[in-house]
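# Provided below are the primary sequence and the corresponding predicted coordinates.
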Amino acid sequence: MHSWNDNAPIYQQLADHLATQLLDGTPPEGDALPSVRNLASRYLINPLTVSRALQALVDTGLVESRRGMGMYVRPGARERLLQTERERFLQEEWPLLRARLQRLGLGANDLNWGTQ
């Protein structure tokens, strides 16, 4: 189950969550997304909210609606998402992260790249 917050409308949070899954390759390009009813049941939200989230993904060109068949991941969706997320990270998140690292006196050697 997913927990929602008050920072954005639930449909937008769901659209973002589904986009993250698409970025991870689930479902693969060309495959169908789960149905509105399935998603509503899975996330315990109103089907209209799910429909609005899916429409947001259609509007961004990540999925397409096939009449009578459902929503499908469009070819190139993952690459488009990857490009958008990289740009957003470099423009919005990285400057804040870099400034925080500098304030804390942390450098690349302190971050243990590749180890978890």
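That came through fine.
# what segments of this protein are helices?
For the chain, the helices defined by DSSP state H cover 10-23, 36-43, 47-59, 77-88, 94-104.
# could you dump those to JSON lines with mean neighbour count and distance to residue 68?
In short, each C-beta sits where N, CA and C put it, glycine included. Below are these laid out as JSON lines (neighbours: other Cβ atoms under 10 Å; distance: least, Cβ to Cβ, whole Å):
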{"stretch": "helix 10-23", "mean neighbour count": "18", "distance to residue 68": "21"}
{"stretch": "helix 36-43", "mean neighbour count": "15", "distance to residue 68": "13"}
{"stretch": "helix 47-59", "mean neighbour count": "18", "distance to residue 68": "15"}
{"stretch": "helix 77-88", "mean neighbour count": "14", "distance to residue 68": "21"}
{"stretch": "helix 94-104", "mean neighbour count": "10", "distance to residue 68": "44"}
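# could you export the ones you listed to a markdown table, including columns for mean pLDDT and distance to residue 71?
Formatted as a markdown table, the helices of the chain follow (pLDDT from 0 to 100; distance: least, Cβ to Cβ, whole Å):
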| stretch | mean pLDDT | distance to residue 71 |
| --- | --- | --- |
| helix 10-23 | 96 | 10 |
| helix 36-43 | 96 | 8 |
| helix 47-59 | 97 | 5 |
| helix 77-88 | 94 | 11 |
| helix 94-104 | 94 | 32 |
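# redo the ones you listed as TSV? Include distance to residue 2.
Putting those into TSV (distance: least, Cβ to Cβ, whole Å) gives the following:
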stretch	distance to residue 2
helix 10-23	6
helix 36-43	5
helix 47-59	12
helix 77-88	19
helix 94-104	25
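# which one of the ones you listed lies closest to residue 30?
Ranking the helices of the chain by their distance to residue 30 (criterion: Cβ to Cβ) puts helix 77-88 first, at 9.5 Å.
# tell me what angle the closest one forms with helix 10-23.
Calculated by axes from the mean of the first three to the mean of the last three Cα atoms, to 10 degrees, helix 77-88 forms an angle of 110 degrees with helix 10-23.
# quick one: list the elements packing against helix 77-88.
The helices and strands touching helix 77-88, judged by 3 or more Cβ pairs under 8 Å, 6 or more residues apart in numbering; DSSP states H and E, are helix 10-23.
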